[in-house]
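S.K.: Structural data only, the sequence is not supplied:
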């Protein structure tokens with residue numbers, strides 16, 4: 001899997017992942033603003049990282065019914081393993097929406113590259129997120145300042161998490 005392989009937009013059953021661009025900065029900053037976990041600075045950093053041709057990453061805005069919900073970064077390793085970073089808009093946290101986004105992305109990623117290892121990082125203070133990713137089959141593997149998790153199930157099976165009607 002190479003950067004050229006990552007689409008500018010892709011759909012899962014409930015969400016549209018749209019590659020972020022400079023016109024989305026204010027929306028991304030409103031999502032990434034939370035003094036406990038991230039700062040608007042992370043938006044600038046994500047743009048810089050994803051613009052670097054040496055990096056194999058893309059920065060997305062996640063939408064549902066045209067409404068921005070989250071920022072989502074996909075990092076591809078040289079071995080085609082997938083790292084993900086999700087920041088959910090503060091008003092939407094604690095409702096299971098982050099789990100639905102991750103669940104649907106995993107299903108998408110496993111269709112593209114079934115052998116890839118999917119990992120993510122969580123702020124050690126974010127107990128809710130740690131519980132949610134454990135329910136999806138992730139296990140903590142190390143702490144590098146952030147709690148690093150990998151999807152450990154050999155054959156990931158979706159939890160069937162879907163948007164409420």
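M.R.: Structure's in. What do you need? For clarity, every value in this text was computed on a predicted model and none was experimentally measured.
S.K.: Lowest average confidence across helices and strands of this protein, where is it?
M.R.: helix 41-51 (a mean of 79; mean pLDDT, DSSP states H and E).
S.K.: In terms of secondary structure, what does that one contact?
M.R.: helix 25-32, strand 57-64, strand 67-76 (3 or more C-beta pairs under 8 Å, 6 or more residues apart in numbering; DSSP states H and E). C-betas here are computed from N, CA, C, even on glycine.
S.K.: Pull the residues that contact the first one.
M.R.: With contact meaning C-beta atoms under 8 Å, 6 or more residues apart in numbering, helix 25-32 is reached by 20, 38-40, 42-43, 46, 61, 68-71, 87-90.
S.K.: And the last one, by the same measure?
M.R.: Here strand 67-76 makes contact (C-beta under 8 Å, 6+ apart) with 1-3, 6, 15, 17, 20, 27-28, 30-32, 43, 46, 49-50, 55-63, 82-89, 92, 97-98, 101, 105.
S.K.: Any of these buried? List them.
M.R.: 1, 6, 15, 17, 20, 27-28, 31-32, 43, 46, 50, 56-63, 82-89, 92, 97-98, 101, 105 (16 or more other C-beta atoms under 10 Å).
S.K.: Find the residue closest to residue 133 in space, skipping its chain neighbours.
M.R.: residue 149 (5.5 Å; C-beta to C-beta, 6 or more residues apart in numbering).
S.K.: Bridged to that neighbour, which residues?
M.R.: Counting by DSSP bridges, residue 149 forms beta bridges with residue 120, residue 140.
S.K.: that older thread, can I get the helices and strands packed on helix 41-51 in CSV including mean pLDDT and distance to residue 135?
M.R.: Shown next, in CSV, are these (pLDDT from 0 to 100; distance: least, C-beta to C-beta, whole Å):
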stretch, mean pLDDT, distance to residue 135
helix 25-32, 86, 23
strand 57-64, 92, 20
strand 67-76, 90, 18
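S.K.: closest to residue 109 among the contacts of helix 25-32?
M.R.: Nearest to residue 109 among these, counting by C-beta to C-beta, is residue 70 at 16.0 Å.
S.K.: I am finished for the moment; much appreciated.
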